[in-house]
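Engineer: coordinates only, sequence not included:
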Ligand SMILES: [Fe+2]
């Protein structure tokens, strides 16, 4: 199973109806050698399977969102924090000013997983003075899960675009619990925004870039003044597009 290639990984994934799933195969293989590591990192293989399926058009972005929520509902926080090396990496995050801090984390792959994963993992941190300002993504899906402190999250569906504005519909506005999964995509909840309610707060982030390989743009598309929209058409908001500088000035303090 070592050094398995992408094509073999995919074949295993699609063959899951005929035999045990590829995730199960990987975990069975690793279980013999490292029971603790399998317990902590099985989610890594499952996220890879879901992310690769989405990037190869075998599932929709909304399917990926549902699957990610289901996977992380089964992961123990203490196991996750150990797998992503939270204690060490969070100390390296520079949390100054109004920008969020971010650092990449590379959980150990199980034997049998491809060298290059379909997704990336990051730890974000922010002080009360900072935020992840409201922004939309294009050609990217993203998960944020609070893993420390207290965090408020907002989501918005992106209904339509105008030249300098976007019509949004609020879909989430709440203080998030530790371990509560939030996801956004091109299809559902395209805009998100996070603000620390405690002195410091952290989130675990998964990002899948270039969901559609034909579209070369991927990532944050632009920022939005989501808190100051003009009500329109019932429960919708017409909000102004912002530059990065404007967004951090308005949503940092
Ligand atoms: Fe984002």
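Structural biologist: Good, I have the coordinates. Nothing here was measured: the structure is a model prediction, and the numbers come from that model. Residues are numbered from 1 along each chain as shown.
Engineer: Low-confidence bits of the stretch 51-200 of the chain, can you list those?
Structural biologist: Within the stretch 51-200 of the chain, no stretch has pLDDT under 70.
Engineer: Which parts of the protein are strands?
Structural biologist: 101-104, 120-127, 131-138, 140-148, 151-161, 165-176, 182-184, 191-196, 200-209, 219-224, 230-232, 236-242 (DSSP state E).
Engineer: got JSON lines for these, with distance to residue 59 too?
Structural biologist: C-beta coordinates here come from the backbone N, C-alpha and C atoms, glycine included. As requested, these are arranged in JSON lines below (distance: least, C-beta to C-beta, whole Å):
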{"stretch": "strand 101-104", "distance to residue 59": "25"}
{"stretch": "strand 120-127", "distance to residue 59": "19"}
{"stretch": "strand 131-138", "distance to residue 59": "18"}
{"stretch": "strand 140-148", "distance to residue 59": "11"}
{"stretch": "strand 151-161", "distance to residue 59": "20"}
{"stretch": "strand 165-176", "distance to residue 59": "21"}
{"stretch": "strand 182-184", "distance to residue 59": "13"}
{"stretch": "strand 191-196", "distance to residue 59": "21"}
{"stretch": "strand 200-209", "distance to residue 59": "12"}
{"stretch": "strand 219-224", "distance to residue 59": "21"}
{"stretch": "strand 230-232", "distance to residue 59": "33"}
{"stretch": "strand 236-242", "distance to residue 59": "29"}
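Engineer: measure the closest residue in space to residue 183 that isn't next to it in sequence to residue 239 for me?
Structural biologist: For residue 183, ignoring the flanking residues on the chain, the nearest one in space by C-beta to C-beta, 6 or more residues apart in numbering is residue 65 at 4.1 Å. Residue 65 sits 22 Å away from residue 239, going by C-beta to C-beta, to the nearest Å.
Engineer: okay, the angle between the helix ranked longest in the chain and strand 200-209?
Structural biologist: If each helix of the chain is counted by residues according to DSSP state H, the longest one is helix 35-55. Helix 35-55 and strand 200-209 meet at an angle of 50 degrees, taking axes from the mean of the first three to the mean of the last three C-alpha atoms, to 10 degrees as the criterion.
Engineer: helices and strands around helix 35-55, which ones?
Structural biologist: helix 6-14, helix 22-33, helix 61-72, helix 77-83, strand 200-209 (3 or more C-beta pairs under 8 Å, 6 or more residues apart in numbering; DSSP states H and E).
Engineer: What is the burial count for residue 168?
Structural biologist: Residues within reach of residue 168, counting by other C-beta atoms under 10 Å, total 24.
Engineer: just checking, residue 141 touches residue 61?
Structural biologist: Yes. With contact defined as C-beta atoms under 8 Å, residue 141 counts as touching residue 61 (5.4 Å).
Engineer: Identify the contacts common to these two.
Structural biologist: 54, 185, 186, 211 (C-beta atoms under 8 Å, 6 or more residues apart in numbering).
Engineer: With adjacent residues omitted, what lies nearest to the last one?
Structural biologist: The spatially closest residue to residue 211, leaving aside those adjacent along the chain, is residue 139, at 5.4 Å (C-beta to C-beta, 6+ apart).
Engineer: give me every residue that touches the one you found.
Structural biologist: Counting by C-beta under 8 Å, 6+ apart, residue 139 has contacts 186, 209, 210, 211, 212, 215, 217, 218, 219.
Engineer: Dump those to JSON lines, plus distance to residue 243.
Structural biologist: Shown next, in JSON lines, are the contacts of residue 139 (distance: C-beta to C-beta, whole Å):
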{"residue": "186", "distance to residue 243": "22"}
{"residue": "209", "distance to residue 243": "22"}
{"residue": "210", "distance to residue 243": "24"}
{"residue": "211", "distance to residue 243": "25"}
{"residue": "212", "distance to residue 243": "26"}
{"residue": "215", "distance to residue 243": "22"}
{"residue": "217", "distance to residue 243": "17"}
{"residue": "218", "distance to residue 243": "19"}
{"residue": "219", "distance to residue 243": "15"}
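Engineer: Thanks again, I'm all set now.
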